[in-house]
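Enquirer: please work out how this folds:
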Amino acid sequence: MAQTPEPTMKPNTRTSFQAEIASNKRKSWALVAVVFLILTALLYVIASVYTGASSIVFLLIGLLFSGAYVAVTYFYGDQIVLSTTGAQPIDERNPKHLFLKNTVENLAFAARLPKTPDIYVIQSDALNAFATGRDPQHASIAVTAGLLNTLDRNELEGVIAHEISHVSNYDIRFSLLVAIMVGLIAILSHMFLRSLWYSGGNNSDRKGGALPLILIGILLAILAPILVRLVQAAVSRHRESLADASGAKLTRYPEGLASALEKIKAQESRKDAPKLNVSEAESHLFFSDPVKSHLDGLFATHPPLEERIKTLRGM
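Expert: Down below sits the predicted model:
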């Protein structure tokens with residue numbers, strides 16, 4: 001690792017970091033519980049609209065299939081994300097890839113991870129990175145080629161330390177679980193609304209489909225994806241801030257990460273900035289959100305880059 005100046009971070013931060021991490025875990029499981037309750041309510045309304053008296057049985061079947069979907073995606077979701085983002089394993093014959101490998105290994109050791117995360121590279125000029133997996137024993141880190149080619153040693157260490165912090169803080173498990181459940185709610189809502197649209201006024205397939213219940217179902221199907229995204233965004237923003245602080249603590253040099261963020265900000269401000277081919281469902285995993293929209297202020301999963309830079313330089 002690079003020789004860096006003495007840390008400028010405030011002393012006696014270990015207790016506060018541990019308290020923040022513990023608080024984050026509690027909030028994350030509370031969020032998972034909220035999302036599960038919304039999923040259950042949505043399934044129950046759909047069951048009541050279409051099956052009437054059999055709605056409890058349908059609900060149980062729906063929860064069983066949803067549980068199976070979540071379990072399968074939980075164990076294989078990281079490989080799906082790596083595949084869809086075009087991430088490829090590093091080539092140790094490439095000096096930059098070998099340097100990346102050494103950086104990840106050193107920081108994983110410093111963070112006391114039980115296993116060095118698997119390392120991947122995305123062939124894109126965009127400056128970005130992400131971590132995924134279900135726990136520190138099953139984690140992966142991917143960076144773009146642009147990041148490797150643009151950042152200096154201290155800046156790259158800052159970004160990798162941020163991603164290592166996501167692994168050690170179990171943020172990757174939270175992100176994977178919530179992304180799965182949010183996606184499932186969006187799929188069910190979409191299917192329910194489309195089925196109502198195509199069935200029109202025909203009530204023969206809605207045995208318990210009283211009009212008030214149908215209206216409740218429509219309202220829930222519209223609002224459920226929005227509600228869970230809002231809660232997800234709020235908790236994710238806090239996790240990103242904590243990962244910045246944890247990463248700076250790990251390298252003992254906040255300026256490295258702040259400088260990396262400045263380069264990313266400069267690239268993203270260009271009209272010809274390179275884009276990552278990433279879906280909105282995956283964008284929250286990245287170091288800097290690669291999917292921008294006019295609703296970023298509401299659904300943003302990351303604090304503004306300016307705010308992150310200012311916070312790091314205030315440590």
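
Enquirer: low-confidence stretches in the chain?
Expert: Within the chain, the ranges that satisfy pLDDT under 70 run 1-18, 20-21, 24-25, 28, 51-55, 198-211, 213, 231-232, 292-298.

Enquirer: how about the strands of it, start to end?
Expert: Using DSSP state E, the strands found in the chain span residues 87-89, 118-122, 129-135, 138-144.

Enquirer: out of the ones you listed, which comes closest to Arg308?
Expert: When the strands of the chain are ranked by proximity to Arg308, the top entry is strand 129-135, at 14.4 Å, counting by CB to CB. For the C-beta atoms, the positions are set from N, CA and C on the backbone; glycine is no exception.

Enquirer: buried stuff in that closest one?
Expert: The neighbour-count criterion (16 or more other CB atoms under 10 Å) identifies 129-134 as the buried residues of strand 129-135.

Enquirer: which of those lies closest to Leu156?
Expert: Using CB to CB, Ala129 comes nearest to Leu156 of these, at 9.2 Å.

Enquirer: touching, Glu282 and Ile80? I think so.
Expert: No - checked against CB atoms under 8 Å, the pair Glu282 and Ile80 is beyond contact range at 9.3 Å.

Enquirer: these two: who's more crowded?
Expert: Counted by other CB atoms under 10 Å, Glu282 and Ile80 do not tie: Glu282 has more neighbours, with 19 against 13.

Enquirer: any idea how far that one is from Ala179?
Expert: Counting by CB to CB, to the nearest Å, the separation of Glu282 from Ala179 is 8 Å.

Enquirer: let me see the ranges of the helices in the protein.
Expert: Taking DSSP state H as the criterion, the chain carries its helices at 14-51, 55-84, 95-110, 145-150, 153-168, 171-199, 211-251, 254-268, 280-283, 296-299, 305-313.

Enquirer: the fourth one packs against which elements?
Expert: Contact partners of helix 145-150 among helices and strands, from 3 or more CB pairs under 8 Å, 6 or more residues apart in numbering; DSSP states H and E: helix 95-110, strand 118-122, helix 153-168, helix 254-268.

Enquirer: again, only using 6 Å
Expert: Using 3 or more CB pairs under 6 Å, 6 or more residues apart in numbering; DSSP states H and E as the contact criterion, no secondary-structure element is in contact with helix 145-150.

Enquirer: could you pull out the buried residues of that helix?
Expert: For helix 145-150, the neighbour count (16+ other CB under 10 Å) marks 145-148, 150 as buried.

Enquirer: the third one too?
Expert: The neighbour-count check on helix 95-110 (16+ other CB under 10 Å) flags 97, 100, 103-104, 106-108 as buried.

Enquirer: same question for the fifth one.
Expert: Neighbour-count burial for helix 153-168, counted by 16+ other CB under 10 Å, picks out 154-168.

Enquirer: who's in contact with that helix?
Expert: Judged by CB atoms under 6 Å, 6 or more residues apart in numbering, the contacts made with helix 153-168 from elsewhere in the structure are 2, 103-104, 107, 111, 129, 131, 136, 139, 141, 172, 243, 246-247, 250-251, 256-257, 259-260, 287.

Enquirer: of the residues you listed, select the buried ones using a ChimeraX command.
Expert: Remark: buried members of the contacts of helix 153-168, expressed as a ChimeraX selection using 16+ other CB under 10 Å:
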select :103,104,107,111,129,131,136,139,141,172,243,246,247,250,251,256,257,259,260,287
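
Enquirer: related to what we said a few turns ago, closest one to Pro274 among the helices of the chain?
Expert: Ranking the helices of the chain by their distance to Pro274 (criterion: CB to CB) puts helix 145-150 first, at 6.7 Å.
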